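**Student:** sequence and predicted model, in that order:
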Amino acid sequence: MAGLKSPADPVLRLAVIVIAVLMCFGVLKLAGDIFAPMVLGIVAGVILAPVTDFLERWKIPPGVASAIVLAMGISAVAVIVVLLEPLVWRVVDELPSIKWEIRSIIEQFRGVIRGLDAMNEEVGQALGTETNQDGEGKGKGPIPDPTATLLLAPLVLAQVLIFAGTLFFFLLTRRGIYVWVSTWIGDRRDTVIIKKRFTTAERLVARYFLTISIINAGLGASLAALMMVIGLPGPLIWGVVAAMLNFILYLGPIMVIGGLLLAGLIAFEGLMVFAPAAIFLCLNMIESQFVTPAMVGKHISVNPLLIFASLVVWLWMWGPIGGIVAIPVLVIVLVMLDIFDSEGRARKRPPPSEPEPPVA
């Protein structure tokens with residue numbers, strides 16, 4: 001039938017691709033509790049693959065090498081939790097004073113924001129500082145409900161187990177997975193090419209993560225040194241927190257700034273309250289505007305709009321986990337689409353050849 005389009009029609013093919021992508025994102029959003037730790041485990045496996053290869057070159061069996069890498073990762077997370085525990089309990093202990101500090105700041109600016117009583121009531125409710133008829137606070141602090149916290153524990157434990165299992169088995173069988181996927185996607189001639197793209201994506205993601213880790217370590221060390229200079233308690237802990245949260249682009253630095261504002265309210269008075277957050281903001285601007293483009297841009301060249309769109313989509317789907325996997329997944333997809341070469345640079349398409357002049 002002449003009116004029907006063939007399956008090779010570009011418009012029809014594009015429509016099928018768009019529908020498939022939307023359905024995939026919908027499934028990933030709905031089943032985020034399962035897919036988020038799995039994707040994070042695969043991304044972590046891609047990042048840690050060079051470590052596994054290094055151990056295997058020392059004649060260590062693949063299963064043992066994968067178990068060693070998994071144990072190293074769990075140990076690193078445990079160390080971070082131990083380092084953060086004093087900070088968390090300190091914040092919990094200081095919640096009443098933080099509440100009253102914020103309330104005093106609002107009282108100071110009440111003359112400036114006169115006429116906005118409705119806004120003041122909303123802020124007071126959000127801070128748990130509703131007043132009774134005697135004008136005294138009810139004393140309800142923003143402490144989470146213990147029952148809700150206990151109910152979340154099994155879900156968090158299940159996600160940790162899914163992440164650990166995915167990471168271990170991916171490190172153990174990733175070469176076989178690459179071969180199987182390469183055979184399934186293309187024919188025999190394409191298998192070698194697709195497998196090479198998997199290897200290129202693995203190398204670029206690992207190089208990107210290593211570079212970002214060095215940058216974040218420098219950021220954390222600089223913040224810790226400056227916090228020590230101004231006398232903020234726990235400077236080393238704040239350095240570790242800033243280095244870890246900076247892996248979550250945009251959202252991580254905002255969380256650090258909020259935490260440093262609370263720390264300033266606890267430790268200082270007057271304008272010094274804003275000093276820790278202002279110092280980190282300056283360091284983060286230097287890192288994001290100069291250091292990261294200079295170091296990452298040499299290896300991976302991605303359009304900033306594409307990075308921002310990827311971050312928005314993945315943060316919307318999975319929150320902080322989405323922020324961590326957004327850039328590695330984007331790099332893997334671009335390499336598999338043959339947009340990057342082996343060095344992470346965008347491929348340049350050859351210019352169209354000019355038609356030959358007709359022969360007289």
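**Tutor:** Here it is on my side, so go on. Numbering: from 1, shown residues only.

**Student:** go ahead and confirm L281 touches G258.
**Tutor:** No: the pair L281 / G258 is not scored as a contact, 11.6 Å apart, by Cβ atoms under 8 Å. Where C-beta positions appear, they are placed from N, C-alpha and C, glycine not excepted.

**Student:** which one's more surrounded, those two?
**Tutor:** L281 (15 against 11; other Cβ atoms under 10 Å).

**Student:** just give the closest residue to the more buried one, not the sequence neighbours.
**Tutor:** Using Cβ to Cβ, 6 or more residues apart in numbering and skipping the chain neighbours, the partner closest in space to L281 is I257 (6.3 Å).

**Student:** Three-state assignment for that neighbour, please.
**Tutor:** Secondary structure state of I257, per DSSP: H, G, I helix; E, B strand; the rest coil, is helix.

**Student:** contact partners for it?
**Tutor:** Contacts for I257 (Cβ atoms under 8 Å, 6 or more residues apart in numbering) come out as A277, F280, L281.

**Student:** need the pLDDT of the last one.
**Tutor:** L281 carries a pLDDT value of 94.

**Student:** any low-confidence regions in this structure?
**Tutor:** 1-8, 87-88, 90-92, 94-95, 97-99, 101-153, 186-187, 297-301, 339-360 (pLDDT under 70).

**Student:** do a quick rundown of the helices in it.
**Tutor:** Here the chain has its helices, by DSSP state H, at 10-30, 32-57, 62-93, 95-108, 117-126, 146-185, 188-230, 235-245, 251-267, 275-286, 292-296, 304-318, 320-336.

**Student:** got the angle between the second one and helix 10-30?
**Tutor:** In this structure, helix 32-57 runs at an angle of 100 degrees to helix 10-30, with axes from the mean of the first three to the mean of the last three Cα atoms, to 10 degrees as the basis.

**Student:** what does the last one give?
**Tutor:** Computed by the same axes, to 10 degrees, the angle separating helix 320-336 from helix 10-30 equals 150 degrees.

**Student:** now do helix 320-336 against helix 235-245, angle only.
**Tutor:** Counting by the same axes, to 10 degrees, helix 320-336 lies at 50 degrees to helix 235-245.

**Student:** show me what contacts the closest residue to L219 other than its chain neighbours?
**Tutor:** Nearest in space to L219, with sequence neighbours left out and distances taken as Cβ to Cβ, 6+ apart, is E287 at 5.2 Å. With contacts defined as Cβ under 8 Å, 6+ apart, E287 is in contact with I215, G218, L219, N246.
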